[in-house]
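*Asks:* need coordinates for the below:
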Amino acid sequence: MSDPLAIEFQHVSKTFGNRKVLVDVSFKLGKGEALCILGRSGTGKTVTLKLMDGLLKPDSGKVCIESEDIAQVGEKDLSRVRRHIGFLFQSGALFDSFTVGENLALPLHRLDKTKSLPEIKQVIDETLKRVGLDHDKDKMPAELSGGMSKRAGLARALVLNPTLLLADEPTSGLDQITASEIDNLLIKVKKDLHTTLVIVTHDVRSARRVADHIAILDQGRLVGFGTASELEKSDNEVVRQLVSESCV
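*Replies:* Sure thing, here's the model as predicted:
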């Protein structure tokens, strides 16, 4: 594993009411690596992402982003950490009343006060070209196909050049060809920008394509962590089933 670490969970637990969503979860991820989180519905996958972004705080344990426990920092420091985190939401989460280009401009205007308007335009154009939407800047979100919406959401997540990209079900609802295209984009982002990726997915095929490591959550517990080939040999039946090539 590369050093230093991008993310480390140390004995993290999270409960909502009487429901234990995460129980004593620990793992490490090196900078520039890709982690896919698999598990059945309701096993804490999206909660894990939200803990990494500081949207939730653990009940116990540490959530460290580049060695900084973000559960213990104040709002100012949390904002500083988030400045380097991109979040690709399952829905794409674009503002319907703005064009694709305007959606990308929003975080730049809000969070990067150093760039002039021409520089902002250049960043938007370069980012849209990276995801294959360089001719779609003036389109409204309603004009985009499902795959294009995912690409636009990815572009907005990348526009601030994050060191960590969190993605919630990036291939959900897409046909296999389009899903493969999104996977290839994520692989290219990791390779070209050295971005650390954490991806929640139900798509075993996608996880096997993109991930350096796969984490398996079951009933809030981390029951498997490793490469697909390593997890196929696990003693845990749930782990073997979730990574099995017979599922793809």
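*Asks:* can you show me the helices along this protein?
*Replies:* 45-52, 75-82, 100-111, 117-130, 146-158, 176-193, 204-210, 228-231, 237-243 (DSSP state H).
*Asks:* the inter-axis angle of the first one versus helix 75-82?
*Replies:* An angle of 120 degrees separates the directions of helix 45-52 and helix 75-82 when computed by axes from the mean of the first three to the mean of the last three CA atoms, to 10 degrees.
*Asks:* so which elements touch helix 45-52?
*Replies:* Using 3 or more CB pairs under 8 Å, 6 or more residues apart in numbering; DSSP states H and E as the contact test, the elements touching helix 45-52 are strand 5-16, strand 19-30, strand 34-38, strand 60-65, strand 164-168, strand 196-200. (Glycine included, C-beta is placed from N, CA and C.)
*Asks:* shaky segments in the chain?
*Replies:* Along the chain, the parts satisfying pLDDT under 70 run over 1-3, 91-92, 245-248.
*Asks:* could you identify which of the helices of the chain is most buried?
*Replies:* Of the helices of the chain, the one with the most neighbours on average (mean count of other CB atoms under 10 Å) is helix 146-158, at a mean of 24.
*Asks:* tell me the angle that helix makes with strand 164-168.
*Replies:* Using the same axes, to 10 degrees: helix 146-158 against strand 164-168 is 150 degrees.
*Asks:* give me the distance from helix 146-158 to the chain's centre.
*Replies:* Relative to its parent chain, helix 146-158 has a centroid offset of 12 Å by CA atoms, centre = their mean, to the nearest Å.
*Asks:* got it, and stretch 157-171?
*Replies:* A distance of 5 Å separates the centroid of the chain from that of stretch 157-171, by CA atoms, centre = their mean.
*Asks:* now do the buried residues in it.
*Replies:* Neighbour-count burial for stretch 157-171 flags 157-160, 162-171 (criterion: 16 or more other CB atoms under 10 Å).
*Asks:* what is the end-to-end distance of it?
*Replies:* 15 Å (CA to CA, to the nearest Å).
*Asks:* look up how far A228 lies from the residue sitting nearest the centre point of the chain.
*Replies:* Of all residues in the chain, the one closest to the mean position by CA atoms, centre = their mean is L166, 1.8 Å from it. For L166, the distance to A228 equals 21 Å [CB to CB, to the nearest Å].
*Asks:* before we move on, back to that, looking at the helices of the chain, spot the one closest to V23.
*Replies:* Comparing the helices of the chain by their distance to V23 (CB to CB), the top pick is helix 45-52, with 11.6 Å.
*Asks:* ok so, going back, using TSV, lay out the helices of the chain together with distance to D218.
*Replies:* Below are these laid out as TSV (distance: least, CB to CB, whole Å):
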stretch	distance to D218
helix 45-52	11
helix 75-82	29
helix 100-111	35
helix 117-130	36
helix 146-158	27
helix 176-193	24
helix 204-210	15
helix 228-231	12
helix 237-243	5
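*Asks:* K139 is nearest to which of these?
*Replies:* helix 100-111 (5.4 Å).
*Asks:* how far is that closest one from where the chain is centred?
*Replies:* The answer for helix 100-111 is 19 Å, by CA atoms, centre = their mean.
*Asks:* may I have it exported as CSV, CA atoms only?
*Replies:* Extracted in CSV, the C-alpha atoms of helix 100-111 (Å, rounded to 0.1, in the frame of the first residue of the first chain):
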residue,chain,number,x,y,z
VAL,A,100,-24.2,22.1,-17.5
GLY,A,101,-21.5,24.8,-17.7
GLU,A,102,-23.3,26.9,-15.0
ASN,A,103,-23.5,23.9,-12.7
LEU,A,104,-19.8,23.5,-12.9
ALA,A,105,-19.2,27.2,-12.4
LEU,A,106,-21.1,27.3,-9.1
PRO,A,107,-18.4,25.5,-6.9
LEU,A,108,-15.7,27.5,-8.6
HIS,A,109,-17.3,30.8,-7.8
ARG,A,110,-18.1,29.8,-4.3
LEU,A,111,-14.9,28.0,-3.3
